[in-house]
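Enquirer: I'd like to go over a predicted model; first the sequence, then the structure.
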Amino acid sequence: VHFTQDAGFSTFSDKRWLAQTMYEIVRKKIAPHDLPLLRVCRTSDGRLWSLDNRRLYVLRACGVRSILVEPAGDASACAEFRTKRHGAQNGSTSDSRALVIKEGMQGEGKKGRASLAAMMPCSECSRSAATRFRLLKFVKGSTS
(Lines give C-alpha, C1' and ligand atoms only; values in the text may rest on other atoms or scores of the structure.)
Protein backbone atom coordinates (compact mmCIF):
# COMPACT_ATOMS: atom_id res chain seq x y z
CA VAL A 1 0.00 0.00 0.00
CA HIS A 2 1.43 3.37 -1.04
CA PHE A 3 1.08 6.80 0.54
CA THR A 4 -0.92 9.29 -1.51
CA GLN A 5 0.84 12.29 0.05
CA ASP A 6 4.40 13.34 0.86
CA ALA A 7 3.61 14.74 4.31
CA GLY A 8 1.09 14.53 7.13
CA PHE A 9 0.57 16.07 10.54
CA SER A 10 1.68 14.31 13.74
CA THR A 11 -1.88 14.18 15.05
CA PHE A 12 -5.01 12.54 13.68
CA SER A 13 -7.95 14.73 12.73
CA ASP A 14 -9.42 14.13 16.22
CA LYS A 15 -6.19 15.68 17.66
CA ARG A 16 -4.94 12.33 19.02
CA TRP A 17 -1.18 11.97 18.63
CA LEU A 18 0.12 9.39 16.18
CA ALA A 19 2.75 8.58 18.82
CA GLN A 20 0.02 7.74 21.35
CA THR A 21 -1.55 5.25 18.96
CA MET A 22 1.89 3.78 18.17
CA TYR A 23 2.56 3.39 21.89
CA GLU A 24 -0.79 1.66 22.45
CA ILE A 25 -0.19 -0.77 19.57
CA VAL A 26 3.34 -1.78 20.56
CA ARG A 27 2.34 -2.10 24.24
CA LYS A 28 -0.67 -4.20 23.14
CA LYS A 29 -3.21 -1.84 24.72
CA ILE A 30 -4.97 -1.85 21.34
CA ALA A 31 -4.64 -4.19 18.38
CA PRO A 32 -4.09 -2.90 14.85
CA HIS A 33 -7.49 -4.34 13.86
CA ASP A 34 -9.10 -2.08 16.51
CA LEU A 35 -8.34 0.90 14.27
CA PRO A 36 -10.73 1.84 11.47
CA LEU A 37 -10.03 -0.03 8.23
CA LEU A 38 -7.48 1.59 5.95
CA ARG A 39 -9.32 2.94 2.91
CA VAL A 40 -7.50 2.25 -0.36
CA CYS A 41 -7.90 2.98 -4.06
CA ARG A 42 -6.49 0.77 -6.81
CA THR A 43 -4.79 2.29 -9.86
CA SER A 44 -4.87 0.76 -13.33
CA ASP A 45 -1.43 -0.79 -12.74
CA GLY A 46 -2.84 -2.71 -9.74
CA ARG A 47 -1.13 -0.70 -6.99
CA LEU A 48 -3.07 0.15 -3.82
CA TRP A 49 -2.97 3.73 -2.51
CA SER A 50 -3.99 4.73 1.01
CA LEU A 51 -6.53 7.45 1.67
CA ASP A 52 -5.53 7.25 5.37
CA ASN A 53 -1.84 8.13 5.25
CA ARG A 54 -1.28 8.80 8.96
CA ARG A 55 -2.88 5.50 9.93
CA LEU A 56 -0.70 3.70 7.36
CA TYR A 57 2.36 5.48 8.80
CA VAL A 58 1.51 4.29 12.33
CA LEU A 59 0.92 0.71 11.21
CA ARG A 60 4.20 0.60 9.28
CA ALA A 61 6.17 2.21 12.12
CA CYS A 62 4.81 -0.43 14.50
CA GLY A 63 5.86 -3.24 12.18
CA VAL A 64 2.35 -4.40 11.34
CA ARG A 65 2.81 -6.75 8.38
CA SER A 66 -0.76 -7.36 7.24
CA ILE A 67 -4.06 -5.54 7.64
CA LEU A 68 -7.55 -5.61 6.27
CA VAL A 69 -8.39 -2.73 3.96
CA GLU A 70 -11.60 -1.14 2.78
CA PRO A 71 -11.69 -0.73 -1.01
CA ALA A 72 -12.67 2.83 -1.89
CA GLY A 73 -12.93 2.10 -5.59
CA ASP A 74 -10.92 2.71 -8.70
CA ALA A 75 -8.44 5.58 -8.33
CA SER A 76 -9.57 7.19 -11.60
CA ALA A 77 -13.07 7.66 -10.11
CA CYS A 78 -12.03 8.56 -6.56
CA ALA A 79 -12.04 12.32 -5.92
CA GLU A 80 -10.26 11.98 -2.57
CA PHE A 81 -7.43 10.04 -4.23
CA ARG A 82 -7.01 12.70 -6.93
CA THR A 83 -6.98 15.49 -4.32
CA LYS A 84 -4.48 13.76 -2.05
CA ARG A 85 -2.19 12.44 -4.77
CA HIS A 86 -2.28 15.35 -7.20
CA GLY A 87 -3.70 18.30 -5.21
CA ALA A 88 -2.01 21.69 -5.53
CA GLN A 89 -1.51 22.26 -1.79
CA ASN A 90 -0.80 18.82 -0.41
CA GLY A 91 -0.30 16.55 -3.38
CA SER A 92 2.57 14.13 -3.67
CA THR A 93 5.56 14.34 -5.94
CA SER A 94 7.44 11.46 -4.33
CA ASP A 95 7.66 7.76 -5.04
CA SER A 96 4.99 7.29 -2.33
CA ARG A 97 7.08 5.00 -0.14
CA ALA A 98 7.52 7.41 2.78
CA LEU A 99 5.49 10.01 4.63
CA VAL A 100 7.18 13.00 6.25
CA ILE A 101 5.46 13.89 9.50
CA LYS A 102 4.91 17.58 10.15
CA GLU A 103 4.58 19.25 13.53
CA GLY A 104 1.13 18.73 15.07
CA MET A 105 -2.03 20.22 13.73
CA GLN A 106 -1.78 23.68 12.31
CA GLY A 107 -1.21 26.21 15.08
CA GLU A 108 -0.67 23.70 17.91
CA GLY A 109 2.63 25.18 19.15
CA LYS A 110 4.34 23.21 21.94
CA LYS A 111 1.91 20.27 21.76
CA GLY A 112 2.65 19.90 18.07
CA ARG A 113 6.41 19.84 18.70
CA ALA A 114 5.99 17.28 21.50
CA SER A 115 3.81 15.02 19.35
CA LEU A 116 6.43 15.13 16.60
CA ALA A 117 9.37 14.61 18.97
CA ALA A 118 7.73 11.48 20.44
CA MET A 119 7.93 9.77 17.04
CA MET A 120 11.50 10.67 16.09
CA PRO A 121 14.35 8.15 16.33
CA CYS A 122 16.55 8.62 19.39
CA SER A 123 19.53 10.83 18.53
CA GLU A 124 21.78 8.89 20.92
CA CYS A 125 20.90 5.25 20.19
CA SER A 126 19.05 5.57 16.84
CA ARG A 127 16.17 3.41 18.11
CA SER A 128 12.85 3.98 16.43
CA ALA A 129 9.90 5.33 18.37
CA ALA A 130 8.17 1.92 18.25
CA THR A 131 11.28 0.23 19.69
CA ARG A 132 11.50 2.82 22.46
CA PHE A 133 7.79 2.38 23.26
CA ARG A 134 8.33 -1.38 23.62
CA LEU A 135 11.16 -0.75 26.10
CA LEU A 136 9.35 1.81 28.26
CA LYS A 137 8.82 0.84 31.87
CA PHE A 138 6.83 2.95 34.29
CA VAL A 139 7.74 2.90 37.96
CA LYS A 140 5.45 4.17 40.66
CA GLY A 141 7.16 6.97 42.53
CA SER A 142 6.70 7.93 46.13
CA THR A 143 4.71 11.03 46.91
CA SER A 144 6.57 12.24 49.97
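Expert: Perfect, thanks for sending it.
Enquirer: Ala61: neighbour count?
Expert: Ala61 sits with 22 neighbouring residues when counted by other CB atoms under 10 Å. To be clear about C-beta, it is placed using only N, CA and C from the backbone, and glycine gets the same treatment.
Enquirer: could you do Ala129 as well?
Expert: 21.
Enquirer: so it makes contact with Gly63?
Expert: No - counting by CB atoms under 8 Å, Ala129 sits too far from Gly63 to count as a contact (11.5 Å).
Enquirer: shouldn't Gln5 be in contact with Ile101?
Expert: No - at 11.1 Å, Gln5 does not count as touching Ile101 under the criterion of CB under 8 Å.
Enquirer: which residues are in contact with Thr21?
Expert: Phe12, Ile30, Leu35, Val58 (CB atoms under 8 Å, 6 or more residues apart in numbering).
Enquirer: now, which of the residues you listed sits nearest Asp74?
Expert: Leu35 (24.3 Å; CB to CB).
Enquirer: ramachandran angles for Pro71?
Expert: The phi and psi torsions at Pro71 (degrees, to the nearest 10) take the values phi -60, psi 130.
Enquirer: beta partners of it?
Expert: Val40 (DSSP bridges).
Enquirer: which residues touch it?
Expert: Contacts of Pro71 (CB under 8 Å, 6+ apart): Arg39, Val40, Cys41, Arg42.
Enquirer: so which of the residues you listed is the closest to Lys84?
Expert: Of the contacts of Pro71, the one sitting nearest to Lys84 (CB to CB) turns out to be Cys41, at 9.4 Å.
Enquirer: number of residues surrounding that closest one?
Expert: Residues near Cys41, counting by other CB under 10 Å: 24.
Enquirer: for this structure, what spans make up the strands?
Expert: Taking DSSP state E as the test, the strands found in the chain are 7-9, 38-42, 48-50, 69-74, 100-102.
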